[in-house]
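> Got a sequence here, can you build the structure:
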Amino acid sequence: MTDSHSLSVERVVPGAINDVFDAWLNPTQLSRWMTPGPSMSVPVAEVDPRVGGRFHIVMRSSGRDIPHEGEYRVIDRPSRLVFTWNSEPAGRDTLVTVTFIKVAERETRVHLTHERFANAAARDSHRNGWGLILDAMAESVRR
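Numbers count the residues shown, from 1 in each chain. A predicted model of the protein is given here:
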């Protein structure tokens, strides 16, 4: 695999850095914003938020369930999360790194890198998906 099979997206989220970081490890919050589109829902969000712990997220679209799972590799509160991301659309053991940078008291820059895609098509579909997920996160935290 090459660097061409990775992507990066970034958003400024309206929330304190600790709150934005914690939203990635809280199943209730994940189920509100881990959706790459308005017609999707998250009926299952389970997390074991420790290094070596696993997560299981099911995204539902048009009655079809799309399971995602992985293992937390790094949990460095409140600055960085690293986890594997396994799903049919992405492939096996792709790697996601999320960094959090305090912009202001209630603004956090979230930078996400996803690498190790099997091919360019998987990468390209996830670039749009992660962008929509970060947009949904910003809206969820804003409320």
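
> Tell me which residues touch the residue lying farthest from the centre of the chain, please.
For the chain, the largest distance from the centre (C-alpha atoms, centre = their mean) belongs to Glu105, which lies 22.6 Å off. Glu105 sits next to Ala16 when contact means C-beta atoms under 8 Å, 6 or more residues apart in numbering. For every residue, glycine as well, the C-beta is placed using N, CA and C.

> which phi and psi does it have?
Main-chain dihedrals, Glu105, degrees, to the nearest 10: phi -60, psi -40.

> what do you get for Gly52?
Dihedral angles for Gly52 - degrees, to the nearest 10 - are phi 90, psi -10.

> For it, give its distance to Val74.
11 Å (C-beta to C-beta, to the nearest Å).

> How about Ala16?
In terms of C-beta to C-beta, Ala16 sits 21 Å off from Val74.

> more neighbours, the two?
Ala16 (17 against 12; other C-beta atoms under 10 Å).

> Quick check: closest non-adjacent residue to the more buried one.
Of all residues not flanking Ala16 in the chain, Arg106 sits nearest, at 5.6 Å (C-beta to C-beta, 6 or more residues apart in numbering).

> ok, now which ones touch that neighbour?
Pro14, Gly15, Ala16.
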